[in-house]
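[1] Have a look; sequence and predicted model below, questions after that.
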Amino acid sequence: MISFFKRRPGTSVVLTLVMFVGGGILAHQSGTSRIPMAATLRAKPRLHPKKDPPGWRQRIDLSHARLEGNRLVQVLPRGARITFTLDPDLQQWATAYLRDFELPYGAMFLYELDTGATLVMAGYSAHNAEMSAEDLCLAPWAPAASVFKLVTTTALLENGVPANTTVCYHGGLHGLRARHLKDDPDRDTTCKSLSYAVSKSVNPVVGKLTLRYLDKRALSRWSRRFGFNRSIRFELPVQPSRAEIPSKDLELARVASGFWHTEVSALHGAVIGGVAGNHGMLRWPHLVANVRDRNGGEEIPERPRLERVMRRRHADALARAMVNTTVIGTARKGFFSRRGRPFLGDIEVAGKTGSLSRKKPFLHYNWFVGYAPAGKPKVAVAALLGNPARWRIKAHTAARMLLDRYFRSLKKPEPVAAGAGLKPVARGPR
């Protein structure tokens, strides 16, 4: 039996993380929030939409999956067989990786952009041994942080704001206050484009453009197009991600820049990060490859349809900003050495980081979402970590390590038939 899925006692486990308590959060190291929020992690069975008849969907239990060849398969009591899309090697590696750092909370999700097949759904909590990969990947236990800038930037681009639109500002790099949103020619001595603001996560640029071109209604509409505040179709229960868009200018600018009012799951983070790589189309992942009954009949579950989020030219503009995130922006240290050597060789990665901190008790939420290769996308990835005050590892590094493992797995030699007379292929360190 595969050890990286834990069987949870009983029919449900309810685990609550109070995300924002008594004084708020920090965005990119500082800032405050006065809005208390909480996310509840549930493992409670839930029926899918009415067109899904009861049956194997309600019997999925990854803790009962066994390795058959290179696939994970669950055999139901009456002989039906559920084959999952997960890559056993990648899944086991990702779980061990999170465990090695003894993170309070950590999750990684990886899926194919062209098919939607889920390859990795890994999670680990050093603070709560009862939390499973499902809890940590399918529940919105963390704020979106600056990942939400992808939603805001899309709304701006679709509203006619070019990616090279320049805004002058002062301060606001580690927080966003009313004074940072007011034009002040004497103090606004730094001027950067919207595209640069995405890659470097510049709050005042995004905040000022939001107040000029967007409002509560517009940002609410675009957050919903990215999957917030609506049901998420998946073979296991997924709690919807939440985005509460305020109407007051300062709070609107803050949420647009990634300050509180949002809760997102790791699965949904990967989906958001992959939209630009899919030329503006949103593809939800799936977990089940096929189901065979005891007589050999096969059922391939219906896949969620592709959804158009933005026009392709705007997706391309967003993609360029996301590539710069890993080349010159907030994720550079995760993908390049100090001497400028790319850790993944000629594989470019597009992504977005996010960072928020809860004060009491302290927990640093750290995100990386994106896709790779940037030029010809294959997979979308999300790494979501809850670090202690002395952080163990950053999400961009965890995501890079998972991507490295994935691309190395594609280069594995095919199995050689017995008696072929060929020497085994030597494999270097991984």
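    The structure has been received and is ready for your questions.

[2] only C-alpha atoms for contact and neighbour calcs from this point on.
    Fine.

[3] Where do the helices of the stretch 151-300 of the chain begin and end?
    Using DSSP state H, counting those that start in this stretch, the helices of the stretch 151-300 of the chain run over 178-181, 194-200, 203-213, 216-225, 249-257, 266-274.

[4] Would you check that residue 94 makes contact with residue 108?
    Yes. Using C-alpha atoms under 8 Å, residue 94 is in contact with residue 108, at 7.2 Å.

[5] returning to that earlier point: Serialize the helices of the stretch 151-300 of the chain to JSON lines and add fields for distance to residue 300, mean pLDDT and mean neighbour count.
    Compiled in JSON lines, the helices of the stretch 151-300 of the chain are given as follows (distance: least, C-alpha to C-alpha, whole Å; pLDDT from 0 to 100; neighbours: other C-alpha atoms under 10 Å):
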{"stretch": "helix 178-181", "distance to residue 300": "52", "mean pLDDT": "93", "mean neighbour count": "18"}
{"stretch": "helix 194-200", "distance to residue 300": "39", "mean pLDDT": "97", "mean neighbour count": "25"}
{"stretch": "helix 203-213", "distance to residue 300": "43", "mean pLDDT": "97", "mean neighbour count": "23"}
{"stretch": "helix 216-225", "distance to residue 300": "27", "mean pLDDT": "97", "mean neighbour count": "18"}
{"stretch": "helix 249-257", "distance to residue 300": "39", "mean pLDDT": "96", "mean neighbour count": "25"}
{"stretch": "helix 266-274", "distance to residue 300": "21", "mean pLDDT": "98", "mean neighbour count": "29"}
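
[6] okay, these in CSV with distance to residue 55 next?
    Shown next, in CSV, are the helices of the stretch 151-300 of the chain (distance: least, C-alpha to C-alpha, whole Å):
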stretch, distance to residue 55
helix 178-181, 54
helix 194-200, 45
helix 203-213, 47
helix 216-225, 30
helix 249-257, 41
helix 266-274, 24
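
[7] Residue 407 is nearest to which of those helices?
    With C-alpha to C-alpha as the criterion, residue 407 lies closest to helix 266-274 of the helices of the stretch 151-300 of the chain, at 17.1 Å.

[8] and the closest one, what other elements does it pack with?
    In terms of contacts (3 or more C-alpha pairs under 8 Å, 6 or more residues apart in numbering; DSSP states H and E), helix 266-274 is packed against strand 105-112, helix 133-138, strand 281-282, strand 363-372, strand 379-387.

[9] which stretches of this protein have low pLDDT?
    The chain contains residues with pLDDT under 70 at 1-54, 412-430.

[10] coming back round to it: tell me the most buried of the helices and strands packed on helix 266-274?
    strand 379-387 (a mean of 30; mean count of other C-alpha atoms under 10 Å).

[11] who's in contact with the nearest residue to residue 307 once chain neighbours are set aside?
    Excluding its sequence neighbours, the residue lying closest to residue 307 (C-alpha to C-alpha, 6 or more residues apart in numbering) is residue 282, at 5.0 Å. By C-alpha atoms under 8 Å, 6 or more residues apart in numbering, the contact list for residue 282 reads 226, 271-272, 274-275, 306-309.

[12] Redo those residues as JSON lines? Include distance to residue 324.
    Compiled in JSON lines, these are given as follows (distance: C-alpha to C-alpha, whole Å):
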{"residue": "226", "distance to residue 324": "22"}
{"residue": "271", "distance to residue 324": "19"}
{"residue": "272", "distance to residue 324": "17"}
{"residue": "274", "distance to residue 324": "15"}
{"residue": "275", "distance to residue 324": "16"}
{"residue": "306", "distance to residue 324": "27"}
{"residue": "307", "distance to residue 324": "26"}
{"residue": "308", "distance to residue 324": "24"}
{"residue": "309", "distance to residue 324": "22"}
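
[13] From the residues you listed, pick the one nearest residue 234.
    Nearest member of these to residue 234, counting by C-alpha to C-alpha, is residue 271, at 12.4 Å.

[14] My guess is residue 176 contacts residue 255. True?
    No. At 10.0 Å, residue 176 does not count as touching residue 255 under the criterion of C-alpha under 8 Å.

[15] So what's the residue count around residue 300?
    By the criterion of other C-alpha atoms under 10 Å, residue 300 has 10 neighbours.

[16] number of nearby residues for residue 170?
    20.

[17] Pull up the gap between residue 109 and residue 208, please.
    Taking C-alpha to C-alpha, to the nearest Å as the measure, residue 109 falls 33 Å from residue 208.

[18] what do you get for residue 361?
    32 Å.

[19] Next: residue 353.
    For residue 353, the distance to residue 208 (C-alpha to C-alpha) stands at 20 Å.

[20] And for residue 271?
    Taking C-alpha to C-alpha, one finds residue 271 at 27 Å from residue 208.

[21] show me where the stretch 201-350 of the chain has strands.
    Counting by DSSP state E, counting those that start in this stretch, the stretch 201-350 of the chain has strands at residues 242-243, 262-263, 281-282, 288-292, 298-299, 307-308, 350-358.
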